[in-house]
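Q: Let's see this in three dimensions:
(chains A, B, C and D)
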2 protein chains.
Amino acid sequence: MNASGRGRAAVTLKDLAAELGIHVSTVSRVLHSDKDVARGAASEETARRVRDLAKLRGYSPDPQATGLRTRRTRAIGVIVPRLSDIVLATMYEGVEEAAAESNHSTFVMNSHDDLDEQRRKAEIMLARRVDGLILGDVHAGSSLVDDLTKRHVPFVLMNRRYPGFPSSTCDDTGGGRLVADHLWDTGHRSVAIIAGEPYASTGVDRTAGFVERWHELGGEVPGDRVLPSRFDTEGGRRAGEELLEQVRPAPTAVFAVNDFAAIGAMGAFRAAGLVVGQDIAVVGFNDTSLAAQLPIPLTSVRSPMLEIGRTAAGMLRRVMAGEEVASVRHPPELFVRESSASVAVRDAPVRDALIREAPVGESESARIA
Amino acid sequence: MNASGRGRAAVTLKDLAAELGIHVSTVSRVLHSDKDVARGAASEETARRVRDLAKLRGYSPDPQATGLRTRRTRAIGVIVPRLSDIVLATMYEGVEEAAAESNHSTFVMNSHDDLDEQRRKAEIMLARRVDGLILGDVHAGSSLVDDLTKRHVPFVLMNRRYPGFPSSTCDDTGGGRLVADHLWDTGHRSVAIIAGEPYASTGVDRTAGFVERWHELGGEVPGDRVLPSRFDTEGGRRAGEELLEQVRPAPTAVFAVNDFAAIGAMGAFRAAGLVVGQDIAVVGFNDTSLAAQLPIPLTSVRSPMLEIGRTAAGMLRRVMAGEEVASVRHPPELFVRESSASVAVRDAPVRDALIREAPVGESESARIA
DNA sequence: TCTCCTTACCCAATCGTTTGGGTGAGTACT
DNA sequence: AGTACTCACCCAAACGATTGGGTAAGGAGA
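A: Here you go, the predicted model:
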């Protein structure tokens, strides 16, 4: 039994037709062809009576029945790595908003960035007969996109791109370039990148954009300065620790391809006795609402997450309508804050001394003094 | 056209029946009554053939058709304030997991904590004919729950409770008490609370639990030390600023009923020249993944968010089955970290001097020195 | 041989909408 | 007066699955 149909069954077209003494198909046509006078289906007068009664009785069409007949559900499926990642959650909010505007409902599922789970979740959605899919978790080299294409499933990508398929993303390469310019301009010459997962275009592109621009400016980024990482704080912390351990002298600036990784790295640096913004610059990506509010506000590249989601929904609508659509890359914007505000600072030897001699020492006590 | 039905229409019962030369109802019965030999519906042999062919052809029942006939959609609706709030997003993950285990799909929508929008979203879900609702955003005194009850809509509450209706929440009162004990034990006697929105039981209960325990211990919390706030970082920052402005001498410890508000407050304190963990203790709630990774790790009360979501889904399943269910309050756990680790510190006059004379001055330069 | 069970199926209605194709009444035109 | 249009509807067949109620064939028991 349906939620709405316990106390009293939901009102149907048949109910309305009976009460008005006309045929159910007439009611359907009147209610269906909204506004345009129900093209020859009923008189002006009848149409009004139908609409009035429908409103009075609170008629709402049964989507099961409609779907059964029309073969469309007006539902779309969205698959993301995890909704507890604020970036994806925000994009999904955009999707939901835009989808609602065109009268579509959305199912979301988490794939935990696991290939098998991606497939499984996609199948569940297709079994639900969604009209289309938005994939927010596509992996480089995944065969899922090809399979879906072969099966003629309408879908678009979001957040991450995949060459040859329509996607709504941030211009991650451009974002990486912004960071390179900023760090170069503030005098840094020794940098490192916490690069995220190698299967995600976001991290890869942000890294590539940075490196590309850095080279143009005359700098270099040795391979051991680019560390893969998970996208969460824990991953950032580990990468930060690894960085301090392996790279000597430590870089004066670190670009983490994601705010959470940046926060984790900041934790690692601080634990090692470095003051972020003074001893080492840190830059994140996405400009989540946290970045500006952190104890040491984080420089970050703002990606229009909500807009990326909205665009994805719009693109999917067009794909479902059979149109060809082109990928969209939303322009990012750099917000400079205290974590990287000062011009490149102390000499490396001094900083390294800090790191070695005072894991939780000197700068701590200095702060208290 | 459905996603799965573009290239080749999805296989139906009729297709299977035709290929096997038997009636569609026989196929239905075999496939439906899983395992138990399809009680007299077909011979062992036929049943096997049916099942084999179904698997071979990749048959999956059309939920539209099933739903039309059975009047249930196997879909549940979840309404939350906003999914970009990591707390609700995590609870939703729990709901989704548990719902999937009982073969239910979930729709989520954001209500932005707005009463009209809550109603609107609920109506959309009911129009979708969901089998039940999980409300994660109930407001104190809202009439929505009564209306849903009158309409016999199966629903449960999550995250926030509402007396008289089944809910899956954290034991927020108990959590508040944990914080009171901790701050009292570490020597604090002058405290303030950043209390969240007055319409949310979470903030109200956490505050009440704290105050109750504080009184038991012999302390007091004057009314002007309890500041309402939004639940996000921005809200926490504002409340923090307000606190420093209005309450003199400033409290030695602040309990924010939510990690994000705590982070915002930490920002405000720091901007005012106070070092969190030294000059002022801060405690949050929820122990989101950030808390432990912050530059100054945040003491926080862990609420089992995933479990709260899973429980809510389980409760709803039972409500939909017509059972009576009791509310569940999940026990919280306190994690003490640096933001409140040291015993209550400087004399108030010294701290107040810091605040007045050095909004971004003294402690900053001290840190660099 | 007749009756009564089982077994293994089949039949057909039904859920609520949509939609191609009527149809009868009234009007306009020749 | 006959023909041709509209207009304002009605009819009925889908869509795919479920389900209460047959029924024919075969065997057991009397």
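Q: Stretch A:246-263 and chain B, any residue contact?
A: Yes - Stretch A:246-263 comes into contact with chain B (CB under 8 Å from any CB of the partner chain), by way of A:260, A:263. For every residue, glycine as well, the C-beta is placed using N, CA and C.
Q: per-residue confidence averaged over that stretch?
A: Mean pLDDT, stretch A:246-263: 94.
Q: Sketch out the helices for chain A, chain order is fine.
A: Counting by DSSP state H, chain A has these helices, from start to end: A:13-20, A:24-32, A:44-57, A:63-70, A:86-101, A:115-127, A:144-150, A:172-185, A:201-216, A:233-246, A:259-271, A:305-320, A:348-357, A:362-368.
Q: Give me the helices and strands touching the fourth one, please.
A: In this case it means helix A:63-70. Other helices and strands packing on helix A:63-70, by 3 or more CB pairs under 8 Å, 6 or more residues apart in numbering or on different chains; DSSP states H and E, are helix B:63-70.
Q: Count the neighbours of the closest residue to residue A:173 other than its chain neighbours for me.
A: Distance criterion CB to CB, 6 or more residues apart in numbering or on different chains; nearest residue to residue A:173, sequence neighbours excluded, is residue A:209 at 3.6 Å. Neighbour count for residue A:209, taken as other CB atoms under 10 Å in any protein chain shown: 22.
Q: repeat for the one 5 residues further on
A: When counting by other CB under 10 Å, one arrives at 24 neighbours for residue A:214.
Q: which ones are touching the closest residue to it other than its chain neighbours?
A: Leaving out its chain neighbours, the residue that sits closest to residue A:214 by CB to CB, 6+ apart is residue A:180, at 4.6 Å. Going by CB atoms under 8 Å, 6 or more residues apart in numbering or on different chains, residue A:180 touches A:209-214, A:217, A:219, A:255.
Q: The spatially most central residue of chain A and residue A:286: what is the separation?
A: In chain A, the residue lying closest to the centroid (CA atoms, centre = their mean) is residue A:88, at 3.6 Å. When distance is defined by CB to CB, to the nearest Å, residue A:88 is 10 Å away from residue A:286.
Q: Then residue A:154?
A: Using CB to CB, we find residue A:154 at a distance of 28 Å from residue A:286.
Q: between the two, who's got more neighbours?
A: Between residue A:154 and residue A:286, counted using other CB under 10 Å, residue A:286 has the larger neighbour count: 25 against 22.
Q: what about residue A:242, neighbour count?
A: By the criterion of other CB under 10 Å, residue A:242 has 15 neighbours.
Q: cool, residue A:244 as well?
A: Other residues near residue A:244 come to 24 when the count uses other CB under 10 Å.
Q: Return the residues in contact with it.
A: Counting by CB under 8 Å, 6+ apart, residue A:244 has contacts A:250, A:268-269, A:272, A:355.
Q: do residue A:58 as well
A: residue A:11.
Q: quick one, phi psi at it?
A: Dihedral pair for residue A:58: phi 70, psi 40, per degrees, to the nearest 10.
Q: do you know how far it is from residue A:11?
A: 7 Å.
Q: looking at the contacts of residue A:244, which has the most residues close by?
A: Result: residue A:269 is most packed of the contacts of residue A:244 (other CB under 10 Å), 24 neighbours.
Q: any idea how far that one is from residue B:293?
A: Taking CB to CB, one finds residue A:269 at 12 Å from residue B:293.
Q: Which residues are in contact with each of those two?
A: With the criterion set as CB under 8 Å, 6+ apart, the contacts of residue A:269 and residue B:293 do not overlap.
Q: most packed of the helices of chain A?
A: Most buried of the helices of chain A, by mean neighbour count (mean count of other CB atoms under 10 Å in any protein chain shown): helix A:259-271, with a mean of 27.
Q: list the contacts for residue A:317?
A: Going by CB under 8 Å, 6+ apart, the list of residues near residue A:317 reads A:102, A:104.
Q: please redo it, this time with the cut-off set to 7 Å
A: residue A:102 (CB atoms under 7 Å, 6 or more residues apart in numbering or on different chains).
Q: and if you look at residue A:209?
A: Residue A:209 makes contacts with A:172-177, as judged by CB under 7 Å, 6+ apart.
Q: which of those sit farthest apart?
A: Largest separation among these by CB to CB: A:172 and A:177, giving 9.8 Å.
Q: And the pLDDT at residue A:343?
A: 62.
Q: near chain B, which residues of the stretch 51-200 of chain A show up?
A: A:60, A:62-65, A:67-68, A:71-73, A:82-84, A:86, A:89-90, A:92-93, A:96, A:105, A:107-110, A:126-133, A:151-154 (CB under 7 Å from any CB of the partner chain).
Q: Now do the nearest residue in space to residue A:109 that is not next to it in sequence against residue B:164, distance only.
A: Once flanking residues are discounted, residue A:109 sits nearest to residue A:121: 4.3 Å by CB to CB, 6+ apart. Applying CB to CB, the value for residue A:121 to residue B:164 is 37 Å.
Q: pretty sure residue A:288 is touching residue A:85, no?
A: No - the pair residue A:288 / residue A:85 is not scored as a contact, 9.7 Å apart, by CB atoms under 7 Å.
Q: picking up where we left off before, tell me the one of the contacts of residue A:209 nearest residue B:259?
A: Using CB to CB, those come closest to residue B:259 at residue A:175, 27.4 Å.
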